[in-house]
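Q: kindly generate the corresponding structure for this input.
(4 chains)
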Protein chains: 4
Amino acid sequence: MVTKLALLGAGRIGKVHARAIATDPRAELVAVVDASPTAAEAIATVAGCPVTTMDAVLADAGVDAVVICTPTNTHADLIERFAKAGKAIFCEKPIDLDVERAKACLEVVRQTGAKVMLGFNRRFDPHFQALRAEIDKGTIGDVEMVTIISRDPGPPPVDYIKVSGGLFRDMTIHDFDMARFLLGEEIVQVIATASVLVDTAIGEAGDFDSASVILMTESGRHATISNSRRATYGYDQRIEVHGTLGSVAAENQRPVSIEVATRAGYSRPPLHDFFMTRYMQAYAAEIAAFIDALEQGKAPSPGAEDGLIALRLADAALRSVKSGTAVRVD
Amino acid sequence: MVTKLALLGAGRIGKVHARAIATDPRAELVAVVDASPTAAEAIATVAGCPVTTMDAVLADAGVDAVVICTPTNTHADLIERFAKAGKAIFCEKPIDLDVERAKACLEVVRQTGAKVMLGFNRRFDPHFQALRAEIDKGTIGDVEMVTIISRDPGPPPVDYIKVSGGLFRDMTIHDFDMARFLLGEEIVQVIATASVLVDTAIGEAGDFDSASVILMTESGRHATISNSRRATYGYDQRIEVHGTLGSVAAENQRPVSIEVATRAGYSRPPLHDFFMTRYMQAYAAEIAAFIDALEQGKAPSPGAEDGLIALRLADAALRSVKSGTAVRVD
Amino acid sequence: MVTKLALLGAGRIGKVHARAIATDPRAELVAVVDASPTAAEAIATVAGCPVTTMDAVLADAGVDAVVICTPTNTHADLIERFAKAGKAIFCEKPIDLDVERAKACLEVVRQTGAKVMLGFNRRFDPHFQALRAEIDKGTIGDVEMVTIISRDPGPPPVDYIKVSGGLFRDMTIHDFDMARFLLGEEIVQVIATASVLVDTAIGEAGDFDSASVILMTESGRHATISNSRRATYGYDQRIEVHGTLGSVAAENQRPVSIEVATRAGYSRPPLHDFFMTRYMQAYAAEIAAFIDALEQGKAPSPGAEDGLIALRLADAALRSVKSGTAVRVD
Amino acid sequence: MVTKLALLGAGRIGKVHARAIATDPRAELVAVVDASPTAAEAIATVAGCPVTTMDAVLADAGVDAVVICTPTNTHADLIERFAKAGKAIFCEKPIDLDVERAKACLEVVRQTGAKVMLGFNRRFDPHFQALRAEIDKGTIGDVEMVTIISRDPGPPPVDYIKVSGGLFRDMTIHDFDMARFLLGEEIVQVIATASVLVDTAIGEAGDFDSASVILMTESGRHATISNSRRATYGYDQRIEVHGTLGSVAAENQRPVSIEVATRAGYSRPPLHDFFMTRYMQAYAAEIAAFIDALEQGKAPSPGAEDGLIALRLADAALRSVKSGTAVRVD
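A: Purely as a prediction, here's the structure:
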């Protein structure tokens, strides 16, 4: 049986998901919707499926699931509408930038019993999956400390910063989710500091570009996150988990692994410089996991609840920066 | 304009090329031929094209090029037939196990002016391409010594060994081609030693499973090749080029790059254990390069001539082992 | 001219310094003092110098400098006595566990104008020195974030914990000093969390064995410190400095650098498992720097003031853990 | 009991051994001999021992052993004289550049029963020792192939080349000995090629500066050696041993292990650029092993016989280059 999907939103990330669907023999893209007909057509032509409208998808019994790649401020509404229409839903993170709105959306998801998966793609990166597999195998014993270094190659335009929800809700949110994925216990306390070191325009827009965060669980496990909107050497994405019996680390990734030795020393090329190439395998594996869950009748994971928790951690981090105190999370 | 290709041979490597063609928007698979209808159907169904016969492909003006993935002993015949029919040809290595037969085939290629590309896929591996790019940029100055370590995860079945043409024509031939690709000068002398260390059955079949080779160019550049049919830790494929100004090395590849630290020390997972996963990107880039050449009306590279030269080096290596002397190659 | 030194304290670290003095042709050990005659004799015999008393050293015009390796609670008294006697002083860290006592001692140092160097040996590790050299050369631009991972192979005995002053004053104090050494600006704010994950007896003694710390400078530079009293894989000592133009990292050190590849993957031996072998070169370079300063008539660095600042940061960290707030440091 | 040694030859390598003796509490330097009184005095003053003559050392019953660091052409004579005088002998390699002279010297050693150790210092490098330890533990199963890459930072002066005995007897001889140390079987066949790529003056002096060598044992084990008199990136000394169950490799060594990441990529400093810093630990461990053997009344290893075998392999390599054939060694 083939799962039939409609793509809502035909931008950059929509294209990535369309390609993942095209290469999965268990999935078929049957409709594309976008405010821009040109963008929708570009994907629909390759997929060999029609461009259509939200309403048409809602009404189409032939659509099993939707993949929501529209702007953030439409996510909660679309989740609610398609949940009520009985469709399975894959939605890019976040549900919403506002915790109360996200909670209301989650309530609808619960009532409808809709299957919702949230696009925390990093959980599907093969290297981070391997970290988790080692933890699950018991190789490093009980987890004690997670260290996440997460730096973008460069800052986004300030116009984006203004609608992004800020560093913690836009960028660190991935790291909050990874910390949860690896800590093995819920986080109960957040301490964060942040500053503007990269671009003063980001500060003028009310945001930060550099942050350090400490998360704690009830039993005293720690996670530290180090964020920057700048890393000249590429997309810096390292995670290390330290436990009672040892440690496991996922290294940075580069497109080409050669080493040059000259009078000046030994050198290797920079890292991937773009999240889409760095996480290419993760995006494909993520859609495959969504199809897996639907085929097996299971709740996809990470779900809407995981999205809400990460958002709360982001809000707590922001409060901690402003108050200079540790913030308790329930 | 889309290049229309027929696939001749629907086995393991045929499937790899069919997939590469499917993901290249400039190429279209229009026919599949195989002695086994089941194998041909399997590929044809996915590609949405008909299963047909050699004769039908020969006669079909709608076919621009053929991709020859049939058994080795049919390569020379097929190249000749399709060259005469005016088709462009991509053929898996080798042209033939016999140098004289390969020379005769090359003569036909020359007379017909057919565009022929030979499947030395490693030239298209992004890491080895990066080696070559550094050489071309002058980073390491003039090339002096190429070091190739090339070891298979495990030996093939002895039945395969018997029809393979032997270690040098079957396995080392890739390394001979890589040495030529990187030395920047033609090889004029071959010295080789070989022994049976892995499987006595290979020795009983008249072949070797372990070899060391030294190649020399006219100006005194060296290349060394170390081959084994066994490497417990995966598919060991390392190349290093040493020059007047420095050195450049391509490292081994593994599917997942994590590192575990415990009381026992630090450990990383084994390498890729199969040539198809190790060289997945190379196979795709190889077909893309073939299409590039056809689109631009250029001779594809590596060509049939490169196949003949590599075969001669293999023969020279075998003669060197048997005679215990350096063998001159013209 | 040879600098004549007396060693005060002939324990483990005293032996290390005696060896460093023996191999420096500009230095000569002329006296050893210790409460244990056996310990003093052991070093004196090798050095070919007499065992004597504190008072004798104080009165001996032939002693240029003292090396204080006695228990922590004697440091401040000894610094004061020998400062007043006009001797140059090398003293193991800390000056004292109590900030007020350390301040009083510093006042005596100021009044006497004594040359005092404090044993923050890590500043002299060749790898960390190389970090600092890259920063000074401008390779990474302006420093933005320092990341320190510092983990001991295993916890000390609880009896030691009780007199150690606690994790921050005993262990993290080195990391506070390294953060200062690399940040290029004074630290103005400390946030810390700590827990007991390794040994409950440490908790019962009122201390912690795991800690995460964020330090901030006035301009918004960050340093994070991750501490644990346990690391099964050896003495984990990594430092990374991220700046506007790039990043520089000092890797862990192991006694032997081989790599084994088997069916199970690739493995390397554990790290050094003892601070004395890990920092062997640093201890020698530290004494050499002390001699350098004396020869050139310069103030040795790090000085007593650096010891006081590190101690204040330790106290601030402890207050931060207890209050759950960021603590301002002046 | 302390072993009393006389140093014969107070040049560069003599100084290294004098230092090793000074730091070993079981050894004492009691005399220094050199044609240059200044050189001898420099070492003698530091060691606190007299400068004397060969004859005086020969006659001195208080001298247990001599360390021969004089020019190569004096080695065989001195070994014979001191063997007859009943002294234990540590001699820098080689015994002599001429195989017949070396054989005659060995005959004297046999007749006198003198304890002779030859200075193949690399056997005592901790990293290469660790390779051997893994082989002995069975980690990689039976040895199949040894790969040695051995390149000097730069060529020596041509005047040195002229008296050196040539590349194989001067430089490769260390690699021949390492191959024997690791192969676990005697070498029975040598194939070598060599060329002049670095400095034409070396060619004019009748020598080579670049060589590739294949060694074979009776059971078919291989070793390959790649030599160059030039490596811009430092002293390149890598060894890898491949066996039935896996592989073990010793990596290159650098004085400082930091990594810098910038827009240009990741870079690490060059390697050690001098054999004395690269093999500093090996030189100390070598003298310690000599003292060990004397204390325990055992034959020191490697012995004079090992020196003769390595020299024969060097001669065989030269004959192989000249004849273009494999050369059998008995």
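Q: and the strands in chain A?
A: A:3-8, A:27-33, A:65-68, A:88-91, A:116-118, A:143-151, A:187-195, A:210-217, A:222-228, A:236-243, A:246-250, A:258-262, A:265-268, A:327-328 (DSSP state E).
Q: any idea how far residue A:299 is from residue A:281?
A: Distance from residue A:299 to residue A:281, counting by C-beta to C-beta, to the nearest Å: 24 Å. Heads up, the C-betas are built off the backbone N, CA and C, glycines and all.
Q: look up the pLDDT of the residue lying closest to residue A:97 once chain neighbours are set aside for me, please.
A: Spatial nearest neighbour of residue A:97, chain neighbours left out: residue A:165 (3.8 Å); criterion: C-beta to C-beta, 6 or more residues apart in numbering or on different chains. pLDDT for residue A:165: 95.
Q: picking up where we left off before, including distance to chain C, mean pLDDT and mean neighbour count, could the strands of chain A go into TSV?
A: Output for the strands of chain A, formatted as TSV (distance: least, C-beta to the nearest C-beta, whole Å; pLDDT from 0 to 100; neighbours: other C-beta atoms under 10 Å in any protein chain shown):
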stretch	distance to chain C	mean pLDDT	mean neighbour count
strand A:3-8	36	98	24
strand A:27-33	34	96	23
strand A:65-68	35	98	24
strand A:88-91	33	98	25
strand A:116-118	28	98	27
strand A:143-151	5	98	24
strand A:187-195	3	98	23
strand A:210-217	5	98	25
strand A:222-228	5	98	26
strand A:236-243	7	98	25
strand A:246-250	5	98	24
strand A:258-262	15	98	22
strand A:265-268	12	98	20
strand A:327-328	9	98	16
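Q: could you dump the ones you listed into CSV and include distance to residue C:2?
A: Output for these, formatted as CSV (distance: least, C-beta to C-beta, whole Å):
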stretch, distance to residue C:2
strand A:3-8, 81
strand A:27-33, 81
strand A:65-68, 78
strand A:88-91, 76
strand A:116-118, 71
strand A:143-151, 47
strand A:187-195, 50
strand A:210-217, 48
strand A:222-228, 48
strand A:236-243, 47
strand A:246-250, 47
strand A:258-262, 43
strand A:265-268, 38
strand A:327-328, 60
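Q: so which of these comes closest to residue D:117?
A: In terms of C-beta to C-beta, the element of the strands of chain A nearest to residue D:117 is strand A:258-262, at 34.8 Å.
Q: quick one, what contacts residue A:184?
A: A:135, A:142, A:143, A:221 (C-beta atoms under 8 Å, 6 or more residues apart in numbering or on different chains).
Q: out of the residues you listed, who's nearest residue A:194?
A: residue A:221 (22.8 Å).
Q: contact partners for that closest one?
A: A:143, A:144, A:145, A:146, A:183, A:184, A:185, C:195, C:197.
Q: need the phi and psi values for the residue nearest to residue A:97.
A: phi 90, psi 0 (degrees, to the nearest 10).
Q: tell me how many other residues crowd it.
A: 21 (other C-beta atoms under 10 Å in any protein chain shown).
Q: was I right to think it contacts residue A:95?
A: No - judged on C-beta atoms under 8 Å, residue A:165 makes no contact with residue A:95 at a distance of 11.5 Å.
Q: up against chain C, what does chain A have?
A: Within chain A, the positions near chain C by C-beta under 8 Å from any C-beta of the partner chain are A:144-145, A:147, A:149, A:151, A:189, A:191, A:193, A:195-198, A:210-212, A:214, A:216, A:219-222, A:224, A:226, A:228, A:230-233, A:236, A:242, A:244-247, A:324-326.
Q: give me the subset of the contacts of residue A:184 lying in helices.
A: residue A:135 (DSSP state H).
Q: can you tell me how far residue A:269 is from residue D:232?
A: Going from residue A:269 to residue D:232 by C-beta to C-beta gives 19 Å.
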